[in-house]
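Undergrad: Sequence first, predicted coordinates after that:
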Amino acid sequence: MKSLLRQEGLMMSNTSVHFFDSDARSDWVRLRTLILLRWMAIIGQSAAVLVAIYFLALDISIILCFSVIGASVVANIIAITQYPENKRLTDKEAMFTLLFDLTQLIFLLFLTGGLNNPFALLILAPVTISATTLRLRSTIFLGICAIVMVTIVTRYHIPLKGFDGHIYELPLLFTLGFWNALIIGILFLASYARRVSVEAHSMNQALLATQMALDREQKLTDLGGVVAAAAHELGTPLATIKLVSTELEDELEKIPELKEDAKLIREQANRCNEILKSMGSVGKEDLHLRSVPITEIVRQAAEPHLNRGKEISFTFYSEECDDSKNDEPIVERSAQIIHGLRNLIQNAVDFSFKNVWIDVNWSKEKITVRVVDDGEGFSLDMLGQIGEPFITRRDQTEQKTPRPEYEGMGLGVFIAKTLLERSGASLSFSNNSDSLDVKDFRNKGAIVEVHWPSPKIALKQSVVFGPLGENKPIN
């Protein structure tokens, strides 16, 4: 999973998504959607032409206008008869469909006075639809076509006149102003629509990645629970086999062949026991292990990163400073918390030079997990964006990243933040040099703090030490 890159100079500070990503789009557009929009346009255009002729007494060629409108009707009929309703258009197919609608509208404006027709504003619709559904290059192509066509129809068009011969034409200043407004509208609305669409698409992709990571963690936990339950249930039979085989080995001292068989049985029973233990180390989710101390949760989260060449130090203490009793909170073993903390620890290990410190402290009011590293720390221009998905690097040549195979999309911290906040935690990100309560040897690096209200995750004593009951099958 791609985690957040924190090296100085590698992040963009002005956006959390790449606005000019050529592949960013909401989804493939359905043909049925464009057909429905085209039917609405056909009805609107027909009504406007009829009203202009019979109620406003404008001298408009009804044959030519309905010929242009008829082209859209024919295109819709062909699309309905030749393609299934659920067909989704490729980017190129959708682009040419919108280009057809754009051209049809321009021809209709050419026949009805050009920019003197107030319905010229509808030229914004195809470009806006393209910005929300198609690739960047398709949107740019349609935008350029729209600007060129609007410019042409501004100069060349059939004048709008009444049956009395009076020509309805805007003053040159208003015509230029309307043309300028349309050009700006095309650029602004397309940019605005694309920005919103890209952000929505990016968030949906990030949430999907979060759900996939959580599902994977839950499957591993469930599998570990099955193995742990099997090891628990098979413990007694294996111990019996080992005991009986040992006794047989002593009694068969005078029969070497049978003694070797008894010894082999005992060795294989020991091997089965070791296999079950090693398999159960992945996850422990049976009833006997459903609640664990908070320190065990942190150690399990850090376990995959203990042998990666960095020194990870743990500090556990209570803020009440009462050593007379063990008041460490017991929490439910949660895949969300483990996976979230694991991503934060992975991030710290990746960007540290030599050391990572993990502090866990608790009180009756709150539980805090602090992850500190001795790396370069967070870039100052991106501190306010940490936790947002799809933060891209500014320049790949400025510095070498500790993880060159990652693209620095920010998904690691986004997933961790989402999962931990779902468990009731709040996260804060800062640099070590900005903190006043750290030791002198931690004068560099980044600090990530996770805070839970103790009543939110700490289990009550009656739950922790009450009867567990029988192991239940996993649904």
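TA: Happy to help now that I have it.

Undergrad: Could you break the protein into its assigned domains?
TA: Listed domain ranges for the chain are 31-88+90-169, 213-286, 290-462 (source: automatic domain parsing).

Undergrad: Just put those in a markdown table and tack on mean neighbour count and mean pLDDT.
TA: Backbone N, C-alpha and C define where each C-beta goes, glycine included. Output for those, formatted as a markdown table (neighbours: other Cβ atoms under 10 Å; pLDDT from 0 to 100):
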| stretch | mean neighbour count | mean pLDDT |
| --- | --- | --- |
| domain 31-88+90-169 | 17 | 87 |
| domain 213-286 | 15 | 73 |
| domain 290-462 | 18 | 77 |
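
Undergrad: So for Ala193, which of these sits nearest?
TA: domain 31-88+90-169 (4.2 Å; Cβ to Cβ).

Undergrad: how about the domains of the chain in CSV, adding distance to Ala190?
TA: As requested, the domains of the chain are arranged in CSV below (distance: least, Cβ to Cβ, whole Å):
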stretch, distance to Ala190
domain 31-88+90-169, 4
domain 213-286, 34
domain 290-462, 21
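
Undergrad: For the stretch 251-400 of the chain, which segments are assigned as strands?
TA: 291-293, 311-318, 330-332, 355-362, 366-373 (DSSP state E, counting those that start in this stretch).

Undergrad: Over to the stretch 101-250 of the chain?
TA: Using DSSP E, counting those that start in this stretch, strands in the stretch 101-250 of the chain cover 160-161, 167-168.

Undergrad: outside of stretch 99-112, which residues touch it?
TA: Residues outside stretch 99-112 that contact it (Cβ atoms under 8 Å, 6 or more residues apart in numbering) are 34, 38, 41, 45, 49, 52, 60-61, 64-65, 68-69, 71-72, 75, 115, 117, 119-120, 122-123, 125-127, 142, 145-146, 149-150, 152-153, 156-158, 160.

Undergrad: pull the CA atoms of that stretch into CSV?
TA: The C-alpha trace of stretch 99-112 is given here as CSV (Å, rounded to 0.1, in the frame of the first residue of the first chain):
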residue,chain,number,x,y,z
LEU,A,99,-18.7,16.6,-30.3
PHE,A,100,-21.7,15.7,-32.4
ASP,A,101,-24.0,17.4,-29.9
LEU,A,102,-21.7,20.4,-29.9
THR,A,103,-21.7,20.6,-33.7
GLN,A,104,-25.5,20.2,-33.9
LEU,A,105,-26.0,23.1,-31.5
ILE,A,106,-23.6,25.3,-33.4
PHE,A,107,-25.4,24.7,-36.7
LEU,A,108,-28.7,25.5,-35.0
LEU,A,109,-27.2,28.8,-33.7
PHE,A,110,-25.9,29.5,-37.2
LEU,A,111,-29.5,29.3,-38.5
THR,A,112,-30.9,31.4,-35.7
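
Undergrad: Can you give the distance from it to the centre of its chain?
TA: With Cα atoms, centre = their mean, to the nearest Å as the basis, stretch 99-112 stands 40 Å off its chain's centre.

Undergrad: Ok, stretch 298-314 next?
TA: 26 Å.

Undergrad: ends of that stretch, how far apart?
TA: 9 Å (Cα to Cα, to the nearest Å).

Undergrad: so how far is Arg30 from the residue nearest the centre of the chain?
TA: Nearest to the mean C-alpha position of the chain, by Cα atoms, centre = their mean, lies Ala206 at 0.3 Å. Distance, Ala206 to Arg30, using Cβ to Cβ, to the nearest Å: 24 Å.

Undergrad: hmm, back to that, and of the domains of the chain, who's closest to Tyr192?
TA: So among the domains of the chain, domain 31-88+90-169 is nearest, using Cβ to Cβ, at 8.1 Å.

Undergrad: Would you mind finding the longest helix in this structure?
TA: In the chain, taking DSSP state H as the definition, the longest helix is helix 172-251.

Undergrad: sorry, back to before: out of the strands of the stretch 251-400 of the chain, the one nearest Phe96 is which?
TA: strand 366-373 (52.2 Å).
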